[in-house]
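**Student:** what's the 3D shape of this:
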Amino acid sequence: MPMFQEILARTYSDLTRQRLNVINALNDRIKELFEAQKNLEQRLARIQKQILDIENTILKLDQSMDRKYPSIELASNRMEGRRQRPRHELCRDMVDVELEEEVRNLSLTLHQLKKQRSEAQEMLRKLEQTRLALQKDIEIKKNSIYIDQEHCLNVFANVNHIHH
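**Tutor:** Predicted coordinates for the structure are as follows:
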C-alpha cells in the first residue's frame with residue numbers, strides 16, 4: 001500500500017504542477033494577445049491618419065485640377081480666336097507661340113495632377129484594405145482573449161484535485 005500512496009502523491013503533485021503550468025501558459029498567452037491587440041490598435045490609428053491625409057491630398061488635387069480647367073479653356077479660346085480671325089492672314093507670331101506653350105504647359109500640369117490623383121486613390125484603396133484587415137485582426141484578438149480568459153482560464157482555475 002505505501003507504494004500505492006506514493007504513486008497517488010506523485011500523481012497529485014504532477015497534476016497540480018501541470019495545472020499551474022497551464023494557468024501560467026494561459027496568462028502568458030493572454031498577455032501576448034493584449035500586447036498584440038495594442039500594437040494592432042496603434043497601427044490602425046496610424047493607418048486611419050494616413051487615410052485622412054490621403055483623402056485631404058485627393059481633395060487638394062481635385063481643387064487644383066478645377067482651377068486649371070478655366071485657364072486651359074481661356075488660353076485655348078484665345079488661341080482659336082487668333083487663328084480664326086476673319087480677313088486676317090494666318091500668322092505665327094510670338095503671341096501665338098506663347099499661347100501654344102501655355103496650353104501645352106497647362107495640359108501637362110493637368111495630366112500630372114490626374115496621375116497623382118490616380119496614384120493617391122490607389123494608395124487610399126490599399127490603406128482601406130489594410131484598415132479592414134487590421135480591424136478584423138483586432139476583433140480576432142479580442143475574441144481570443146475573451147475565450148482564453150473566460151473559458152479556458154476559468155476552467156483550469158476551478159479544477160481542484162483531491163489529495164489522497
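**Student:** which intervals of this protein have sub-threshold pLDDT?
**Tutor:** Applying pLDDT under 70 to the chain picks out residues 1, 86-90, 164.
**Student:** Where is the longest helix in the protein?
**Tutor:** Longest helix in the chain, counting residues (DSSP state H): helix 2-83.
**Student:** And that one, what does it pack against?
**Tutor:** Under the contact criterion of 3 or more Cβ pairs under 8 Å, 6 or more residues apart in numbering; DSSP states H and E, helix 2-83 touches helix 94-146, helix 154-157. All C-beta atoms are positioned from the backbone trio N, CA, C, and that covers glycine.
**Student:** Can you say which of those helices is nearest to residue 10?
**Tutor:** helix 154-157 (20.4 Å; Cβ to Cβ).
**Student:** List the buried residues in the closest one.
**Tutor:** residue 156 (16 or more other Cβ atoms under 10 Å).
**Student:** Please compute how far that helix lies from its chain's middle.
**Tutor:** Its chain's average C-alpha position is 38 Å from that of helix 154-157, according to Cα atoms, centre = their mean, to the nearest Å.
**Student:** residues making contact with that helix?
**Tutor:** Applying Cβ atoms under 8 Å, 6 or more residues apart in numbering, the contact partners of helix 154-157 are 19, 22, 23, 26.
**Student:** what do you get for stretch 60-73?
**Tutor:** Contacts of stretch 60-73 (Cβ under 8 Å, 6+ apart): 103, 106, 107, 109, 110, 113, 114, 116, 117, 120.
**Student:** Can you tell me which of those residues are buried?
**Tutor:** Using 16+ other Cβ under 10 Å as the burial test, the contacts of stretch 60-73 include 103, 106, 110, 113, 116, 117, 120 as buried.
**Student:** will you turn those into CSV that also has distance to residue 148?
**Tutor:** Compiled in CSV, these are given as follows (distance: Cβ to Cβ, whole Å):
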residue, distance to residue 148
103, 67
106, 62
110, 56
113, 51
116, 47
117, 46
120, 41
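**Student:** now do the same end-to-end measure for stretch 154-161.
**Tutor:** 15 Å (Cα to Cα, to the nearest Å).
**Student:** Perfect, I'm done here.
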